[in-house]
Structure formats: C-alpha cells, structure tokens
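A.B. asks: Sequence and predicted structure below; questions after.
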Amino acid sequence: MNSGSKVVCPHCGERTLAKEKKILDENFSPVGVKFVCAFCGVELEAPAAASSSAPSKEREAAERLSRLLGGEKVTKAAFAPEADDGHFCLHCKNFIKHPFMNRCGLTMKEVQAIDSCEKFEAAE
C-alpha cells in the first residue's frame with residue numbers, strides 16, 4: 001500500500017484514499033510510517049498479498065502488450081547530439097540579449113534565441 005491508494009475503510013465502510021502518517025518517537029524523530037483512512041483517521045492494515053501480486057500483474061500486462069504489438073521489446077532510443085548541432089543565436093557571440101527585443105550584433109535585426117544563420121560564431 002502507498003499513499004493515495006484507493007481502499008475501503010474497515011471502520012467507516014467508505015471508499016477512501018490511504019493517507020500516509022509518520023510515526024514519531026519522544027524526540028519527534030520519524031521512526032516509521034502508517035497508513036490511515038482519509039475520512040475517519042483509523043489505521044489501515046497493509047494487504048500483504050496484493051502488494052506481492054502487483055508486480056506480476058504488471059509483468060503479465062507488459063508481456064500481453066508485447067505479444068499484441070509483435071513480440072519485440074521496445075528499447076529507448078539514445079540521443080547523442082552531434083558537434084555541429086546547436087548553432088542557435090542564443091549560443092552565438094553576436095547575440096545581444098535584451099528584455100524587450102533580442103538582436104543580432106552583425107545585422108542589427110531582431111532575432112529569436114532559437115534562430116540560426118550562416119554567420120554563427122560560438123560564444124566563449
């Protein structure tokens with residue numbers, strides 16, 4: 001069980017959320033955590049069987065989805081920017097930043113930070 005889990009309170013019988021409450025010792029140092037009903041404040045018991053079966057249910061759901069989509073596991077694509085990427089005006093030494101209007105120091109035209117041009121010079 002975690003904070004925000006939907007449960008039925010055994011004391012008041014209402015469908016409620018589990019609220020996390022810290023257990024403090026005599027020096028007011030936290031020594032543990034208990035879950036209470038958000039309505040009546042009675043301590044809730046953590047269901048041991050439900051927490052152990054939750055990861056297996058998630059794994060089964062992931063396996064069913066992978067079979068549905070073709071059986072291959074999807075891996076995250078790695079993004080590695082190249083050295084010539086990022087020639088934005090924001091990173092140019094001729095970029096003149098102003099609160100009301102940003103300008104290019106070469107052309108004196110208004111530019112945006114993500115604009116790019118052929119005359120880019122890296123700022124130091």
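C.D. replies: Perfect, I can see it now.

A.B. asks: Surely F95 is in contact with E121?
C.D. replies: No: at 9.7 Å, F95 does not count as touching E121 under the criterion of Cβ atoms under 8 Å. C-beta here means a position set from N, CA and C on the backbone, and glycine is covered the same way.

A.B. asks: neighbour count winner among these two?
C.D. replies: Neighbour count, other Cβ atoms under 10 Å: between F95 and E121, F95 has more, with 20 against 13.

A.B. asks: Ignoring the adjacent residues along the chain, who's closest to the more buried one?
C.D. replies: Closest residue to F95 apart from its sequence neighbours, by Cβ to Cβ, 6 or more residues apart in numbering: C89 at 4.9 Å.

A.B. asks: roughly how far apart are the one you found and K21?
C.D. replies: Computed as Cβ to Cβ, to the nearest Å, the C89 to K21 distance reads 53 Å.

A.B. asks: who has more neighbours, those two?
C.D. replies: Per other Cβ under 10 Å, whichever of C89 and K21 has more neighbours is C89, with 20 against 14.
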